[in-house]
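> give the three-dimensional model of this entry:
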Amino acid sequence: MATISTTLTRRYGVILVAAAALALAGCAGGGEQPTAVNTADGVDTDAFAIVVGDCLNDSGVGEVDTVPTIECDKPHESEVFASVQIPDGDFPDEATITAQANADCTANFATFTGIEAADSKYSIGYYFPTEESWAEGDREILCYLFDETGPITGSVEGSAE
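Modelled structure (predicted):
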């Protein structure tokens, strides 16, 4: 059974949620150009340049400006499986963001993996806007999956795991 874990990250906050617990995550937008710097753990990629299908080596803790992306055929910590938008308006409180991220990420999980989140061995986490990135127009929740037992090798898309 999959759990939704909690983590804070990406200059847009990130949180993972455990089964009954909730998780938060964030991202920030801006006019900066994406940067890419090679590291042993992948390529440091601007947090706003991450897209569905990217594989990441990110601990998922705290706010981030860059996230190490890596080819999915190499061992990695997580894979982005959905992008959803928060409606415009005032910056929502943490409970509102968490509720939407939990619901939307769980709802989109099976479309990417081929199996319902509750039946999967993977857990769900997400990035979400910070108050600062919200003021710059960031409304994206970026959903990712990870394996609590260790690295993933290969894409999970369509794996039904």
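
> wait, Asp104 touches Glu140, no?
No. Contact between Asp104 and Glu140 fails when scored by C-beta atoms under 8 Å: they sit 11.0 Å apart. For glycine as for every other residue, the C-beta is placed from the backbone atoms N, C-alpha and C.

> the two - which one has more neighbours?
Using other C-beta atoms under 10 Å, the more surrounded residue of Asp104 and Glu140 is Glu140, with 21 against 18.

> quick check, pLDDT for that one.
We have a pLDDT of 96 for Glu140.

> and it, how far from Leu56?
15 Å (C-beta to C-beta, to the nearest Å).

> likewise Val64?
For Val64, the distance to Leu56 - C-beta to C-beta - is 10 Å.

> residues touching the residue nearest to Lys121 when sequence neighbours are not counted, list them.
Of all residues not flanking Lys121 in the chain, Glu161 sits nearest, at 5.6 Å (C-beta to C-beta, 6 or more residues apart in numbering). Contact criterion C-beta atoms under 8 Å, 6 or more residues apart in numbering gives Thr113, Ile115, Ser120, Lys121, Tyr122 as the residues in contact with Glu161.
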